[in-house]
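Engineer: Predicted model, plus sequence, below.
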Amino acid sequence: MNIIITDFEKTIREAGNIALSYYLNLEQLKVEKKSPRDFVTEADLAVEVYLKDVLFKQYPQFGFWGEESGQSENQTNRWIVDPIDGTHSFAKGQYFWAISVALEVNGEIIIGAVYAPALDDYYFAKKNLGAWKNGQQISVSTETSLSNAMVSTGFACIRSYLTDNNLQRFCRIAERTTGQRRFGSAALDLCMVADGQVDAFWEQELNLYDIAAGALIAQEAGATITDFKGNKGLYPKQILATNGAIFEQLLSLM
Ligand code: IPD
Ligand code: CA
Ligand code: CA
């Protein structure tokens, strides 16, 4: 399989330009409700249509699963795409939103790209070949003490009306860490574990398209990716990503 990385990056950046064309005209932005606490904008749809069209043309051997258009027939080898992760942030004119594109081959995520157009930060990883941010190789933080750590999380569980709504867990962890953040894009949360901006991230009730690319980037940067019981692997309904050094300390609080 020959993915020409420069062509791939160009495609992702062009998708970012499409998103930015809406971001710079938010007063005209058309928004639709998907559920009481979830919505989609015309920017999400335009980015996904572009990526589906270009990726099919460039790499016809792969299927496509996009958050907004669903799954194509080829399920084993496919692109997994969240056209805009952090739609609410995007619609409010904030900076933390990203285009997330992963390639899954034989059930394994082998390429991941997360591009934050408003920040012009491009994160990329290829399985077993490391993780990169704007062309520089990145690695997780070296923080060893949970009490000194900065952590991030999200509340998809509240949008899904889960009884375990993460609030008690958040308070338990907030009392034992130095900094806590809620950035609003799980894909970027995982990239910020990868480049050491945060020491750990956890969230429930996500979908594979939210985390596939970001989790590979974090893993290739040295992160430990598990569920809330410490089982290694990709669990969208319960993801815990840490720098490894504070994994056991944080796991005991999950
Ligand atoms: C959302 C973001 C957010 C997470 C939500 C996701 P979306 O993605 O990743 O951080 O907490 O659960 O749905 O809906 O903007 O693509
Ligand atoms: Ca998402
Ligand atoms: Ca989305």
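Structural biologist: Happy to help now that I have it. Numbers count the residues shown, from 1 in each chain. Ligands and ions are numbered 1, 2, ... in the order given.

Engineer: Can you name the residues that contact the residue nearest to Lys30 when sequence neighbours are not counted?
Structural biologist: Residue nearest to Lys30 in three dimensions, not counting chain neighbours: Glu42, with 4.4 Å by Cβ to Cβ, 6 or more residues apart in numbering. From N, CA and C alone the C-beta is placed, and that goes for glycine too. Taking Cβ atoms under 8 Å, 6 or more residues apart in numbering, we find Glu42 in contact with Tyr22, Leu29, Lys30, Val31.

Engineer: Now Glu42, what are its backbone angles?
Structural biologist: phi -70, psi -20 (degrees, to the nearest 10).

Engineer: same deal with Glu203?
Structural biologist: According to degrees, to the nearest 10, Glu203 has phi -160, psi 150.

Engineer: what residues does the stretch 101-250 of the chain put near ligand 1?
Structural biologist: Within the stretch 101-250 of the chain, the positions near ligand 1 by Cβ under 6 Å from any ligand atom are Gly154, Ala156, Gly184, Ser185, Ala186, Glu203, Leu206, Asp210.

Engineer: Mind putting the residues you listed into CSV with secondary structure and pLDDT?
Structural biologist: What follows is those, written out as CSV (DSSP: H, G, I helix; E, B strand; the rest coil; pLDDT from 0 to 100):
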residue, secondary structure, pLDDT
Gly154, coil, 97
Ala156, helix, 85
Gly184, coil, 97
Ser185, coil, 98
Ala186, helix, 98
Glu203, strand, 98
Leu206, coil, 96
Asp210, helix, 98
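
Engineer: Widest-spaced pair of those?
Structural biologist: Gly184 and Leu206 (12.8 Å; Cβ to Cβ).
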